[in-house]
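Kindly return the folded structure for what I paste below:
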Amino acid sequence: MSSGVFGSIRPAIIDVNRDVDIFYKYRPSRGETDPDFKGYKKVDNVASWLNNAEEISDDSDFVNPINGIYDLKLPLNIFNRKGYYSVYITPKVYKTTIIDVSVLAAYPNIKGVVFKIDDRLPETNLVGYRIEFEDGTTRLIKSCNPCEPVIVNTGDGSPKSTRYNLNAAATNLVFCTVSPSSAPTFKPNGSPYIGEPGVSISLVNTKFSPKIIEIEAVNHDIETLSYMLEGDQATDRDSGIITTYNDKNEIYHQADYYVLKDKLGNPIYNVKKKRNTIDQNQTHDKIFD
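Numbers count the residues shown, from 1 in each chain. Below is the predicted model:
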């Protein structure tokens, strides 16, 4: 038998609209806040921002596209101002209420939590989801199956109770077993809290960890700055126009250059002012060729 190092982490396969929430915030600078962004704004259509578009170019046996790699698309109608944007990508949170905490009718030693599938909780397969209680207690869902309530007699003289049968037929109730659900070894008679009917909880998938991305929107980058520092430049001595060209020999920037004088005609200032209207007669081909 050979020995070696191996990993147990695999890329998650997610449903973008069901499993992901995206929030964003804008600040004009690190020390300023925008009155329209007192808090993070939620993205309604997550699929328009995030999609799996990374494909394998060659003909191989791997899944195409690659699982776990997603492209983040930033809409121009939002990311159109200079400043800092914070994008928070997190597992979707479903706020719901526990319908019941009971056992299976056929297996009374199996205890679980019952949820109702509705508009607040459209997901039917909750395996791997984390239950979060308001006090910070968490439980992990191990199994999730459609169920139906049944009334059973628990014993002579005892009141009837509601238990559940697993039923694959159409139903809006699911019976979920959770972990931990057994008592710790040092407290054999203890019973871990897994909720109670009517308690409000949050259900969060565990397919990926939350990510926050800071994006800085600027007027210039390294490439455009290099045009002004290293690009070809021509000065028209007749019109006083200074023209700077990019790496494709296209006009990138133009400025008017002139001298301000006092009443006696003595020069006071050399002025260089950006032109709002580009003079197309100052092309690179016309001047340098």
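
Every contact and neighbour count from this point should use C-alpha atoms.
Fine.

Mind picking out the helix or strand in the protein with the poorest mean pLDDT?
Lowest on mean pLDDT, DSSP states H and E among the helices and strands of the chain sits strand 50-51, with a mean of 84.

any residues touching it, and which ones?
If you take CA atoms under 8 Å, 6 or more residues apart in numbering as the criterion, strand 50-51 is touched by 16, 70-73.

Looking at these, which are in strands?
Among the contacts of strand 50-51, the residues falling in strands (DSSP state E) are 71-72.

circling back to that earlier point, given the least confident helix or strand of the chain, what are its sheet partners and their directions?
If you go by DSSP bridges, strand 50-51 pairs up with strand 71-72 (antiparallel).

If any of the contacts of strand 50-51 are buried, put those into a PyMOL selection.
Filtering the contacts of strand 50-51 down to the buried ones (16 or more other CA atoms under 10 Å) takes a single PyMOL command:
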select buried, resi 16
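
now the contacts of strand 50-51 in TSV, with distance to R163 and pLDDT?
Below are the contacts of strand 50-51 laid out as TSV (distance: CA to CA, whole Å; pLDDT from 0 to 100):
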residue	distance to R163	pLDDT
V16	35	88
Y70	43	84
D71	46	85
L72	46	89
K73	48	90
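
Using TSV, lay out the contacts of strand 50-51 together with distance to N270.
As requested, those are exported to TSV (distance: CA to CA, whole Å):
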residue	distance to N270
V16	58
Y70	52
D71	49
L72	47
K73	45
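
residue nearest the centroid of this structure?
Among the residues of the chain, the one closest to the centroid is I89, at 2.1 Å (CA atoms, centre = their mean).

Could you verify my assumption that that residue touches I22?
Yes: proximity of I89 to I22 meets the contact threshold set by CA atoms under 8 Å, at 4.7 Å.

What is the longest helix along the chain packed up against?
Determined from DSSP state H, the single longest helix within the chain is helix 222-230. In terms of contacts (3 or more CA pairs under 8 Å, 6 or more residues apart in numbering; DSSP states H and E), helix 222-230 is packed against strand 241-245.

report the angle between the axes of the strand it packs on and helix 222-230?
Per axes from the mean of the first three to the mean of the last three CA atoms, to 10 degrees, the angle that strand 241-245 makes with helix 222-230 is 130 degrees.

So which other helices or strands are in contact with strand 241-245?
Contact analysis of strand 241-245 by 3+ CA pairs under 8 Å, 6+ apart lists helix 222-230, strand 233-236, strand 251-261 as its packing neighbours.

Need the ones you listed in TSV (columns: mean pLDDT and mean neighbour count).
Converted to TSV, the helices and strands packed on strand 241-245 look like this (pLDDT from 0 to 100; neighbours: other CA atoms under 10 Å):
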stretch	mean pLDDT	mean neighbour count
helix 222-230	90	12
strand 233-236	92	16
strand 251-261	93	16
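
So which residues make contact with the lengthiest strand in the chain?
Looking across the chain with DSSP E, the single longest strand is strand 138-153. If you take CA under 8 Å, 6+ apart as the criterion, strand 138-153 is touched by 105, 124-132, 159-180, 194.

tell me which residues in it are buried?
Neighbour-count burial for strand 138-153 [16+ other CA under 10 Å]: 138-149.

my guess is G195 is in a helix, correct?
No: judged by DSSP: H, G, I helix; E, B strand; the rest coil, G195 forms no part of a helix; its state is coil.

can you pull the contacts of the nearest residue to it once chain neighbours are set aside?
Nearest residue to G195, sequence neighbours excluded (CA to CA, 6 or more residues apart in numbering): V101, at 6.8 Å. When contacts are counted by CA under 8 Å, 6+ apart, V101 touches 111-114, 194-197.

which of those are buried?
For the contacts of V101, a neighbour count by 16+ other CA under 10 Å gives the buried set as 111-114, 194-195.

I'd say Q282 and T244 touch.
No: using CA under 8 Å, Q282 and T244 do not qualify as a contacting pair, with a distance of 9.6 Å.

which residues are in contact with both of the two?
What both Q282 and T244 touch, as defined by CA under 8 Å, 6+ apart, is the set I251.

Pipe the contacts of V101 into TSV and attach distance to K263 per row.
TSV is the format used below for the contacts of V101 (distance: CA to CA, whole Å):
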residue	distance to K263
K111	96
G112	93
V113	90
V114	90
I194	89
G195	88
E196	90
P197	90
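
Redo those as a markdown table? Include distance to F288 and pLDDT.
Output for the contacts of V101, formatted as a markdown table (distance: CA to CA, whole Å; pLDDT from 0 to 100):
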| residue | distance to F288 | pLDDT |
| --- | --- | --- |
| K111 | 84 | 91 |
| G112 | 81 | 93 |
| V113 | 79 | 95 |
| V114 | 79 | 95 |
| I194 | 79 | 89 |
| G195 | 79 | 89 |
| E196 | 82 | 91 |
| P197 | 82 | 93 |
